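Visitor: From the sequence below, what's the structure:
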Amino acid sequence: MTWLQGENGLRFDNAGTILSDGELGLGVPSDSGCSIEVWVQPALRWVRRSTLLAFYMARTGGGFQLRQSLLGLTLQRENEATLSIDNVFRAMPPKPVFITVSSGANDTAVYLDGVLARSSPQFRITALDCTGQLVFGTTPLNSNNWTGVLRGLAIYHSGLTPRQVARHYETWTRVGLPELDGEERAVAVYGFEEHGGNRIQNRIASGVDLVIPERYMIQDQAFLMPFWEEFKTFGWSWNSILINIAGLVPLGFLFYAWFRRKTTPQRAAWATTILGTTVSLTIEVLQADLPTRYSGTTDIFTNALGTWLGVVLYRYVNRYLAEAVNVLEVRRLTTYFHRKDP
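Guide: Just a heads-up that it's a prediction; the model follows:
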């Protein structure tokens, strides 16, 4: 985490995050709307999936999330409902984008640089979705890092009108803070004007500030996350799956060869597969204490499969070698007797 020189903003490199030092918006009516303004410049225009911001309640877990997905933007509620906007970060090289998410009584509208990009009457976020501890740069449950520059951030517990959206965009980009008319029900406004230190002041009186932790941390790091939750959070990476399978093939091959010398083939296969699964489980348990890693069950299944494939490979190679040795032996004996035959 580094402050920009000569301008407002924070740069997120690799593993970086900022957290609110309290919970935002407690006690708001459940039917209130929610609006978010975030002024960002991604370091990469093409990322598989990374989390810009998320809300977290210690009692109920994760809430609303805003993510960069490939060139687009994804809004996700806790109930798994999503809304996606394509080509938000299509500029090359990446340029600053002012994103406004406004959800009121009738729909949710997403604006880019003050211009409506998409609206949906089926997808709606409420003030409850925007309540809790604010986490920017990753998720509260696992490391899903976003890299780039954050120039401004604001949370409102109401929907914004198109007129308010346009005025806020103009004043944010001109003076670094929005011009409020008192009707937005602002909860938090962060202009990142400090240019140093580890605290970002909330411009709303008696509001909750943001802090930069001394060390990168995950608020409630997941332990052995179920594979369906991993898919929802990270999606499938065939490259990662194939690497995890291939990585345990040598272990399966070598330990099956060792166990096979001491017991039956069936017992050796079971012992080797259990050993590979245990090794993978141990790694995932230990990773639960590393904030830049995450503990999940997908790797356990793929590593177990890799171990079993190592067993299969040994059986195939052993059978092939045995057949090759038998063929060579037959040829040698045939040649020998031909020479002895007068």
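
Visitor: For stretch 295-305, what is the distance to the chain centroid?
Guide: Averaged C-alpha coordinates place stretch 295-305 at 18 Å from its chain's average position (C-alpha atoms, centre = their mean, to the nearest Å).

Visitor: residues in contact with that stretch?
Guide: 221-227, 229-231, 241, 244-245, 247-248, 273, 276-277, 279-281, 283-285, 287-288 (C-beta atoms under 8 Å, 6 or more residues apart in numbering). C-beta here means a position set from N, CA and C on the backbone, and glycine is covered the same way.

Visitor: In helices, which of the residues you listed appear?
Guide: Among the contacts of stretch 295-305, the ones falling in helices (DSSP state H) are 227, 229-231, 241, 244-245, 247, 273, 276-277, 279-281, 283-285, 287.

Visitor: Phi and psi next, for residue 170.
Guide: Per-residue torsions, residue 170: phi -70, psi -40 (degrees, to the nearest 10).

Visitor: in terms of contact, does it touch residue 114 like I think?
Guide: Yes - judged on C-beta atoms under 8 Å, residue 170 makes contact with residue 114 at a distance of 7.1 Å.

Visitor: what bits of the stretch 151-300 of the chain have low per-residue confidence?
Guide: Scanning the stretch 151-300 of the chain with the threshold set as pLDDT under 70 gives 218, 220, 232-236, 291-292.

Visitor: Could you pull out the helices in it for me?
Guide: Under the criterion DSSP state H, counting those that start in this stretch, the stretch 151-300 of the chain carries helices at the ranges 162-175, 227-234, 238-247, 249-260, 265-287, 298-340.

Visitor: Weed out the non-buried ones from the contacts of stretch 295-305.
Guide: Neighbour counting over the contacts of stretch 295-305 (16 or more other C-beta atoms under 10 Å) leaves 221-222, 225, 227, 230, 244-245, 247-248, 273, 276-277, 279-281, 284, 287-288 as the buried ones.

Visitor: Identify the residues contacting residue 306.
Guide: The contact partners of residue 306, by C-beta under 8 Å, 6+ apart, come to 244, 245, 246, 247, 248, 249, 251, 252, 276.

Visitor: Out of those, which comes closest to residue 216?
Guide: The closest of those to residue 216 turns out to be residue 244 (C-beta to C-beta; 24.3 Å).

Visitor: how far away is that closest one from residue 214?
Guide: For residue 244, the distance to residue 214 (C-beta to C-beta, to the nearest Å) stands at 33 Å.
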